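**Q** I would like to see how this sequence folds:
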Amino acid sequence: MQLVYLYIDGYCNSQKAEFNFGQELHVHFKEDKNILEISHMDFSLPKQFWGENINNLSVVIGNNGAGKTSLMQYFIDIFLELHGGHTAGAQGIVIFGEGDQLYGYHSRYYKGEVPGISAKANIIGCVRWLGQEDVESILGRTKLIYLTNVLSVRDTRRSLWFEGNRYAPFYDCSMGHLITSSIERDVNRNLRKSPAGDSETETYFFYEQYKQIKFVFDKWQHQLCSELEEEGFPVPVPRILYVDLIMENQLSSVWDSVELDFAQSGGIEKRVFHNLYIQVNYEEDPYVFLWKQLSRCAIWCTIRSAVRFMSGSEKEKFEKYLREDEWKEEPESYCEIFESIWRIIELVKAGRRGYENKKAKIRNENWNILRECYHCYIEFLQYINPQLVEAHFRIDAEEWDILKRHPEKGVLTFTVSTDEAEWFIEFLQKYRYICNPDYFLDFHWGVSSGENSLLSLFASFYYIFDADYTNGRHGDYKIMNTFETRSKRVKKVQCDSVILLIDEADLTYHPEWQRVFIALLTAFLPKIYPPRCCRDIQIVLSTHSPILLSDVPQQNVIYLKYDPKKGCTLADSSVHTGTFGQNIHLLFKDSFFLEKGTVGLFAEKKMKGLVNKLKEIETEIERKKGRQKEGESGRKESEPAMYGWERMEQNGQGNAESSMEALKNRLTYECRPYAELIAEPIIRRKVLMWIDTLEQKLSRRNRDELLEEMTEAEIARELVRLQKEMDRRRHD
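**A** Residues are numbered from 1 along each chain as shown. A predicted model of the protein is given here:
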């Protein structure tokens, strides 16, 4: 299934705007007759032009405010409306195509009767109009994916009513949606959405890290990226994951100042937890130290999670029990410490009397949620030990030495190889279930922001798969949609097509990466979604990059332009410069509507100021020459010839020589430095030649006379200037 046509009327700036996305068919809505005219494209691209199973790629461009994002937002809205979601909020018509069959849907706000169809020869004569009862059987095998790194209020608001996930027909990877909805996907979402407070932003960043780790540690995907790297694509292929572990001083600081605010003591005494927080031996084996710190942090999460659900009196009771408990100097295991603390937590809970009010009932429910996590802590503490930690993690000797000398650093960084996929993914999964609601590990790859953005893009594509395919233990990749049946049971449908929307596709990428973006995207997608997994892939991008646009044939470009007279956005159908392989300068001037030029405004103002200065100097020189001629024409034959400035001086009109010297100084010290900054060679050459010509006009003596009067410093400056001119002429 692919998107063929979209009509929008009354959404943001879009008024009666229509957009064609099809590869072979063109649709036009005749509103006065309420007819959709369908015809063949005059030109179509060769089969598999974009890739083995990429049926089409369209690019939406336009100046700011033209409606690129709104176009995508409306298609999302009408797609969700078709799946039983909120009303799209404007009149709209959407046409999908699969093989020779077309399917149409008009929004609930659409006024009037269903449009008729007028089709030319060799085109099917009707469109099957979809109802919501047709979604599962017809559109149910299509996954719509939306990606953008722009934080939008519309994306955030959509998350308030659309709680989609990777199994929903619409997978929303927009930043606004993920920030507010990642907490719904988190394994500890019940604890994070408690009265103790939410942590959506923290969850979002960790969830993005988790998706990247899952992608990179998948051996199949890692091999895929390695192959693309060998082909010359700038694909980040991390071999090592860096992990930052929070250290003792930060744990103690948070413990004292945030969590336990006892009325009398002002905080729990650290001597009670000497095995956890005080006896840190930096002289012991670094891997034993790492194991202990991971275990301490796990128990720290247990205590913080419990305390967040305690009232003031319960905290006092908790402290009392902790003081009375007998702690061993050297516990047999951290599981033993955890069991002791958990027993105290249960005692605090057992001491509660009644649940007369709503708040008490909520707290009781939270205690039940916390109790369910008991086995997660045990599993994590049992999973790690010094031998396994040393076998799978690496601590740099220099890093360890720095931490020993500077414990105040607060972070221990260790690494894990991407070859350790199976063990580390299980470690990561167990870690996710104990950090409720606090994270004590931070993950990073040591890559640039652009590479990290690309990893995030790839990880989002990967994360829609039905199961965890790390190491290929679960069979072939599958993309699934879920639907709720009438009996409230969830039914899974395997997808065979993907419609991919990427808004502001060039955002965060270096120009060189923009140059390869479409080539990389069209090489990557058929690999991650091979034909056996996905038969059809359709891509719709919006961009401001002429570099990216030069990879797209003109027939696949949708031009948007805001019409100030009509006060709306139009799909610009006028003739434009060809795009595929086109000169970027021409693309800027045409497709991106830079009628005022392609030079930055600051540079443009400086260059215009330089031209105005040179014109003023030229006018002044001509004026002075005119006065000189007037003086010479009025002198007697016996009188010696005089320069105009000498005649002016005799007539009491001021010191002309100083005036001429001032003009020279303006050319030398004001105009020439600006001219030499200009990078464009033709413009720079013409401006410098203009300056040279004006300087020659200002010369009133021959070079020998001038040299005699010049100081050594002036001669040195002149030599430098002449050498620069020689170098410039050789270069040009």
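**Q** rest of the way, CA atoms for contacts and neighbours
**A** Fine.
**Q** helix or strand with the lowest mean pLDDT in this structure?
**A** helix 644-650 (a mean of 40; mean pLDDT, DSSP states H and E).
**Q** geometric centre of this protein: which residue is closest?
**A** Note on the chain: the residue nearest the mean C-alpha position is residue 149, at 3.4 Å, using CA atoms, centre = their mean.
**Q** quick one: contacts for that one?
**A** Contact analysis of residue 149 by CA atoms under 8 Å, 6 or more residues apart in numbering lists 174, 175, 503, 504, 507.
**Q** which one (most neighbours) among the residues you listed?
**A** Compared across the contacts of residue 149, residue 503 has the highest neighbour count, 23 neighbours, by other CA atoms under 10 Å.
**Q** can you show me the CA trace of stretch 298-313 as CSV?
**A** The C-alpha trace of stretch 298-313 is given here as CSV (Å, rounded to 0.1, in the frame of the first residue of the first chain):
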residue,chain,number,x,y,z
ALA,A,298,21.0,-1.5,43.0
ILE,A,299,20.3,-1.4,46.7
TRP,A,300,20.3,2.3,46.6
CYS,A,301,17.5,2.2,44.0
THR,A,302,15.5,-0.1,46.3
ILE,A,303,15.7,2.3,49.2
ARG,A,304,14.9,5.4,47.2
SER,A,305,11.9,3.7,45.5
ALA,A,306,10.6,2.7,48.9
VAL,A,307,11.1,6.1,50.6
ARG,A,308,9.3,7.9,47.8
PHE,A,309,6.1,6.2,48.9
MET,A,310,6.5,6.9,52.6
SER,A,311,4.9,9.5,54.7
GLY,A,312,6.9,11.5,57.3
SER,A,313,5.9,9.1,60.1
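**Q** state the mean pLDDT of that stretch.
**A** Stretch 298-313 carries an average pLDDT of 77.
**Q** next one: stretch 432-442
**A** On average, stretch 432-442 scores 76.
**Q** CA atoms of that stretch as PDB?
**A** As requested, the backbone C-alpha atoms of stretch 432-442 are provided in PDB (Å, rounded to 0.1, in the frame of the first residue of the first chain):
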ATOM      1  CA  ARG A 432      16.200  -1.600  33.400                       C
ATOM      2  CA  TYR A 433      13.900  -3.400  35.800                       C
ATOM      3  CA  ILE A 434      15.800  -2.200  39.000                       C
ATOM      4  CA  CYS A 435      16.400   1.500  38.200                       C
ATOM      5  CA  ASN A 436      13.000   2.500  39.400                       C
ATOM      6  CA  PRO A 437      12.700   5.300  39.300                       C
ATOM      7  CA  ASP A 438      16.400   6.300  39.100                       C
ATOM      8  CA  TYR A 439      19.200   5.600  36.600                       C
ATOM      9  CA  PHE A 440      22.700   5.100  37.800                       C
ATOM     10  CA  LEU A 441      24.300   4.200  34.500                       C
ATOM     11  CA  ASP A 442      24.800   6.500  31.500                       C
END
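**Q** re earlier: what's downstream of the least confident helix or strand of the chain, the next helix or strand?
**A** helix 656-665 (DSSP states H and E).
**Q** could I get the contacts of residue 149 as CSV with pLDDT?
**A** As requested, the contacts of residue 149 are arranged in CSV below (pLDDT from 0 to 100):
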residue, pLDDT
174, 83
175, 80
503, 89
504, 84
507, 78
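**Q** narrow those residues to those in strands?
**A** residue 174 (DSSP state E).
**Q** ok, the contacts of residue 149 vs residue 24, which is closest?
**A** When the contacts of residue 149 are ranked by distance to residue 24 (CA to CA), residue 503 comes first, at 24.0 Å.
**Q** next one: the closest one from residue 21, what distance?
**A** As judged by CA to CA, to the nearest Å, residue 503 and residue 21 stand 16 Å apart.
**Q** repeat that for residue 144.
**A** Going from residue 144 to residue 21 by CA to CA gives 15 Å.
**Q** who has more neighbours, those two?
**A** Higher neighbour count among residue 144 and residue 21: residue 21, with 26 against 18, using other CA under 10 Å.
**Q** and that one, backbone torsions?
**A** Note on residue 21: backbone dihedrals following degrees, to the nearest 10 are phi -120, psi 0.
**Q** residue 484 too?
**A** Torsion angles at residue 484 (phi, psi; degrees, to the nearest 10) stand at phi -90, psi 130.
**Q** report the contact partners of it.
**A** 490, 491.
**Q** okay, and the beta partners of it?
**A** Beta-bridge partners of residue 484, counted by DSSP bridges, are residue 490.
**Q** for the stretch 301-450 of the chain, what spans make up the helices?
**A** Taking DSSP state H, counting those that start in this stretch as the criterion, the stretch 301-450 of the chain contains helices spanning 312-324, 334-350, 358-372, 374-383, 386-392, 397-405, 421-434, 449-462.
**Q** just how off-centre is the fifth one within its chain?
**A** The chain centroid and the centroid of helix 386-392 are separated by 36 Å, computed with CA atoms, centre = their mean, to the nearest Å.
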